[in-house]
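Q: Got a predicted structure here, sequence first:
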Amino acid sequence: MGFNPSRKIRVVAKLRGLTDKEAELSTDLSWISVKKPNGEASETVTISFGDQSASRKDSYELDYCYEQNEDNELIFSREVKPLISGVFSGCNATVVAYGAKNTGKTCVIQGSCDKPGLAALAVNEFLSLAELNGNTVAISFYEVQQDRVCDLLDTKQSAVFVLEDKLGKIQLKGLSKVPVKSISDFQKLCVGFNSRKPTQKIPSELPRRSHKGLIVHVSSPNENLDTLQTSKMNFVELAGYEDVRRKGNDGLNSVEQTKINQSIYAFSNVLHALGGNESHVPYRESKLTRILQDSLGGVNKVLMIACLNPLYCQDSISMVKLASRTCQKINGALVESTKKVCSLTKSVTSLSKKSQIPKTVYATTKKQLSYRVPLSEKKANGGKSFEGRKLFDDASQLTPSDKENLVLESITSTEIIKEEKVKPVVVHGEDQPEEHGLSVHGSTSSETIKEEEKGKPVAEHGEDQPEEHSSTNTLVKEGQVFVRENNISMVDQNKSPPLSVRLRELSNTLKALNSGTPFSARRIKTNDALSRALLPTELVEPTTPFVEHSTKDVKNIDSPWQTFSVHNSDVKNSVVKECLRVLNTADKEELKKLKGIGEKRSSYILELRQESPEPFKNIDDLKDIGLTAKQIKFMMKQEVGRLFD
Ligand SMILES: Nc1ncnc2c1ncn2[C@@H]1O[C@H](COP(=O)(O)OP(=O)(O)OP(=O)(O)O)[C@@H](O)[C@H]1O
């Protein structure tokens, strides 16, 4: 029962109690049932949704489930308290409550007037132990709204920047850290946690919902080094999940809700990767996972609490499914299957009587456990779930195997960054963090440090917003050569011609290719990487060093379309590379020629370049200037489209 010392992540559920009103109105409480094979000592429990009498029930396994009558004190003593001693020995810990809306997340983490939440109970414990051991305790409160991090203790701060120092520790620049000596100190500060008022700094059009976090910092003197050793415990209350496909989601704009859902999935993906000991952990998929990065892997412990509505709530099933998936990965059991038990209870019962087949049947859903939950919500019309991560492709025209390659997941920023040179970065300004030469480690080991948020424009209007239309030609296929190509610099950074010239050159090359003139009849001279990429290598008269397609790329290609496809991926990579180069080098007026870059964004880009000489290293970095995946895709399409102007 509780945290097994060998486990790093534990996933439990908490069934919310009924409110007075619900208790009055509700008669049927049999929607959720929990099976605990060994009572409180159960190592796993099964949560089933559906009327007991229904023939079909959805069941999922988690580490444990706290029932309606079990309160925060119990959860604290069994689940949270054991983590606190670890924090005093230098390990970080994180407690996360997540679930659908109205499932009691706030009551679990923050508590209510009469019942303290897990955070207050923990701070109390920290203070008692700190007094005994001579440690100091401080706290920080923050919220994450649409990837913008704000300080809840000092609302004058415009934004909090997420940095990572050379030791891999996350530095939250601009976040207050207030010493706490008593629980009443803490309670006074908590007012901000509960009721943040919109400040002048946060535009009113931003969503009301946010993820909220409390960090309890514990410092102890490090005798050997004469310095302070600090570790921390995070409490996070994720904003409520809601399936955006359903209508009537109480006024929250579906784009905002989708963003919330994405960050919940991103969190789950990180735990999934950690639980499966995967080499790449996608911390960069969301701001929250970046903030928590140094508290999630390694020796650190994570407690996930899936909060459930006791009454019918479809979104609760989705959340338990997510929790179960994480749990399953961590437990290492049934790696190839989901925890979902789709059992026809009656037939299973009779079958098990006849042939001793266990009642729990997993085989029905043995399939997709190795997949990641997509960042974008699955579309109702066929589950093409990676829309937000795709670039300028058109999946409808591709084969199933092509579609797999098209998922942007396959060209994660890490993969690209790994190939790039590490550059020292200078952080300017007098209020820079104490540690100079900050560098990013962890999943993106060779990445250059950057300030992740520098008051980035959240929403821009007018010419900054790319228009949406779908007429652009599909020229590209996502592919395995992206990383390699990205690493091949055929552009002289100092002297290469403007983008327009290069695009023109590429356009000419394409025209030549399409003209029907036999290649052997002419040799095409070009300096342009894209043009080179399009041409069979033996026909190009190289004027700069040129890297051919690897044999792997062209081997076994027996159709012109396959060859075209390989070349297309080069074109795409080159267009991306060119755009990044423009973003890193062009002046303001030139920047504004890019679709989606207007006055505000171009100024912001110039600001970013003051801080880091090359702020745009991969396509995902465009999100730092407030562009969505869709807008980035549109920008690229436009640049490709210009080739044919
Ligand atoms: N254990 C409990 N017993 C009875 N009522 C509860 C319990 N926990 C929470 N509630 C009630 O349920 C409602 C929702 O609780 P809470 O605000 O904590 O949910 P939430 O998941 O944080 O909601 P949101 O997603 O809107 O932020 C509140 O009215 C709260 O008083």
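A: Sure, I can see it.
Q: what domains does the record give for the protein?
A: 9-195+208-221+229-336, 586-642 (the TED database).
Q: Let's test this: mean pLDDT of the shortest one, rounded?
A: This points to domain 586-642. Throughout domain 586-642, pLDDT has a mean value of 83.
Q: same thing with the longest one?
A: Rounded to a whole number, the mean pLDDT of domain 9-195+208-221+229-336 is 86.
Q: Mind checking what secondary structure the residue in the chain positioned nearest to the ligand has?
A: In the chain, the residue that lies nearest the ligand is Gly17 (2.5 Å; C-beta to the nearest ligand atom). Backbone N, C-alpha and C define where each C-beta goes, glycine included. With DSSP: H, G, I helix; E, B strand; the rest coil as the basis, Gly17 sits in coil.
Q: so what's it up against?
A: Residues near Gly17 by C-beta atoms under 8 Å, 6 or more residues apart in numbering: 68-69, 104, 310.
Q: and whatever helix or strand Val11 lives in, what other elements does it pack with?
A: Assigned by DSSP states H and E, Val11 belongs to strand 9-15. Contact analysis of strand 9-15 by 3 or more C-beta pairs under 8 Å, 6 or more residues apart in numbering; DSSP states H and E lists strand 32-35, strand 56-62, strand 64-66, helix 254-275, strand 301-308, helix 314-331 as its packing neighbours.
Q: one more time with 7 Å
A: strand 56-62, strand 64-66, helix 254-275, strand 301-308, helix 314-331 (3 or more C-beta pairs under 7 Å, 6 or more residues apart in numbering; DSSP states H and E).
Q: right, and the helix or strand after it?
A: Following strand 9-15 in sequence, per DSSP H and E, is helix 20-25.
Q: anything in that next one near the ligand?
A: No. Using C-beta under 6 Å from any ligand atom, helix 20-25 never reaches the ligand; the gap is at least 7.9 Å.
Q: which residues are in contact with that helix?
A: Residues from elsewhere that reach helix 20-25, judged by C-beta atoms under 7 Å, 6 or more residues apart in numbering: Leu311.
Q: if we can go back for a sec, and among the helices and strands packed on strand 9-15, the most buried is which?
A: strand 301-308 (a mean of 27; mean count of other C-beta atoms under 10 Å).
Q: What strands line up against that one, and which way round?
A: strand 9-15 (parallel), strand 93-99 (parallel) (DSSP bridges).
Q: Nearest approach to Lys287 belongs to which of these?
A: strand 93-99 (14.6 Å; C-beta to C-beta).
Q: In contact with the residue nearest to Ile109 when sequence neighbours are not counted, which residues?
A: Excluding the flanking residues, the one nearest Ile109 by C-beta to C-beta, 6 or more residues apart in numbering is Glu237, at 4.4 Å. Applying C-beta under 7 Å, 6+ apart, one finds that Glu237 lies in contact with 97, 105-106, 109-110, 211-212.
Q: Quick check: bridge partners of Glu237?
A: Ala97, Lys212.
Q: mind checking how far it is from Gly117?
A: 9 Å (C-beta to C-beta, to the nearest Å).
Q: which residues do these two both contact?
A: Joint contacts of Glu237 and Gly117 (C-beta under 7 Å, 6+ apart) are 109-110.
Q: Now the helices and strands packed on strand 9-15 in JSON lines, please, with extra columns for distance to Asp645.
A: Formatted as JSON lines, those follow (distance: least, C-beta to C-beta, whole Å):
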{"stretch": "strand 56-62", "distance to Asp645": "54"}
{"stretch": "strand 64-66", "distance to Asp645": "61"}
{"stretch": "helix 254-275", "distance to Asp645": "32"}
{"stretch": "strand 301-308", "distance to Asp645": "52"}
{"stretch": "helix 314-331", "distance to Asp645": "46"}
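Q: Okay then, goodbye and thanks.
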